[in-house]
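Engineer: Sequence and computational prediction follow.
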Amino acid sequence: MSGHNKFSKIKNIKAKNDAATGKVFTKIGREIAVAVKEGGPDPNSNAKLKNLIAKARANNMPNDNINRSIKRASGELGSVNYEPITYEGYGPAGSALIVEALTDNKNRTASDVRHLFDKFGGSLGSTNCVSYLFSRKGIIVVPRGAGLTDDDIMMHALEAGADDAVAYDTYTEVITSPENFDAVKDYFESNNIPTDGAELDLIPASYLTLPEDKIGSFLKLVDALEDNDDVQEVYHNVELPEEDDEE
């Protein structure tokens, strides 16, 4: 899930147990298929596909799976057309959620998402009901160490064209505009600066602290949405307790 701006999404994906690994591969495979449909099968000329291949490898997705996804989208292995669709809604205590999905059946996905919102004390809203609370940013995570100080990383970030860099205990987030994301990512790679992940994310302008009695139902809603095969990403504006970020 993505809420607290500590790149929780990548950390959560890496923490998935083996039973969930196949589901992660399925979701990344769908993203790869859409990227190929949009920009072709060559990652050298399709930046979105190049980034997704890097994401797949970071999550230990086998090359055979990656290649199958590319070939299927190219029509070599038969194809399924996935369409992107975004849902917005409210969770417990007025929390805001954005759900991004890739589906081959919009009616099924809409019904499933609506059911989950209703089941866990939320409500599916209309288009743009909460999206104004978020802005899309590129997030590149640089681990502590490698002989770089916080000032060094900030200097590199600004040199590369990033907007900001925020230091945490064990890593630094480099924040970019969507337009500069690829250039900043390439800068860090070309300068051999290690990263733990890089992705475009939806970041809330401010965070909501839930009453303690609502946190459980909120987490169940997010977990159920993320467990749906059609759902790719779940973004929210809830400030979670630190221990939840580390799970």
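Structural biologist: Right, received. Where do you want to start?

Engineer: Checking my notes, Ala157 in a strand, right?
Structural biologist: No: going by DSSP: H, G, I helix; E, B strand; the rest coil, the assignment for Ala157 is helix, not a strand.

Engineer: what about it, neighbour count?
Structural biologist: By other CB atoms under 10 Å, 25 other residues sit near Ala157. From N, CA and C alone the C-beta is placed, and that goes for glycine too.

Engineer: Ok, the one 3 residues further on next?
Structural biologist: A count of neighbours around Ala160, defined by other CB under 10 Å, yields 20.

Engineer: if I pick it, what's in contact with it?
Structural biologist: Val174, Asn180, Ala183, Val184, Tyr187, Phe188 (CB atoms under 8 Å, 6 or more residues apart in numbering).

Engineer: Considering these, which possesses the most neighbours?
Structural biologist: Val174 (29 neighbours).

Engineer: any idea how far Gly29 is from it?
Structural biologist: Per CB to CB, to the nearest Å, Val174 is found 28 Å from Gly29.

Engineer: Equivalent analysis for Thr103, please.
Structural biologist: Thr103 sits 14 Å away from Gly29, taking CB to CB as the criterion.

Engineer: Okay, domains of the protein per the record?
Structural biologist: Domain ranges of the chain: 8-74, 83-132+206-245, 134-204, per automatic domain parsing.

Engineer: can you put these in a markdown table and add mean pLDDT?
Structural biologist: Shown next, in a markdown table, are the domains of the chain (pLDDT from 0 to 100):
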| stretch | mean pLDDT |
| --- | --- |
| domain 8-74 | 79 |
| domain 83-132+206-245 | 92 |
| domain 134-204 | 91 |
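
Engineer: can you tell me which of the contacts of Ala160 are in helices?
Structural biologist: Judged by DSSP state H, helices contain the following of these: Ala183, Val184, Tyr187, Phe188.

Engineer: Surely the first one is in contact with Glu159?
Structural biologist: Think Ala183. No: between Ala183 and Glu159 there is no contact under CB atoms under 8 Å: 11.0 Å.

Engineer: Longest helix in this structure, please.
Structural biologist: Scanning the chain for the helix with the most residues, using DSSP H, yields helix 18-39.

Engineer: counting contacts, what elements does it pack onto?
Structural biologist: helix 47-58, helix 63-74, strand 96-103, strand 231-236 (3 or more CB pairs under 8 Å, 6 or more residues apart in numbering; DSSP states H and E).

Engineer: hmm, try it at 10 Å
Structural biologist: Packing contacts for helix 18-39, counted by 3 or more CB pairs under 10 Å, 6 or more residues apart in numbering; DSSP states H and E, involve helix 8-14, helix 47-58, helix 63-74, strand 83-90, strand 96-103, helix 212-227, strand 231-236.

Engineer: Turn those into TSV, including distance to Gly40.
Structural biologist: What follows is the helices and strands packed on helix 18-39, written out as TSV (distance: least, CB to CB, whole Å):
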stretch	distance to Gly40
helix 8-14	26
helix 47-58	8
helix 63-74	8
strand 83-90	18
strand 96-103	18
helix 212-227	30
strand 231-236	21
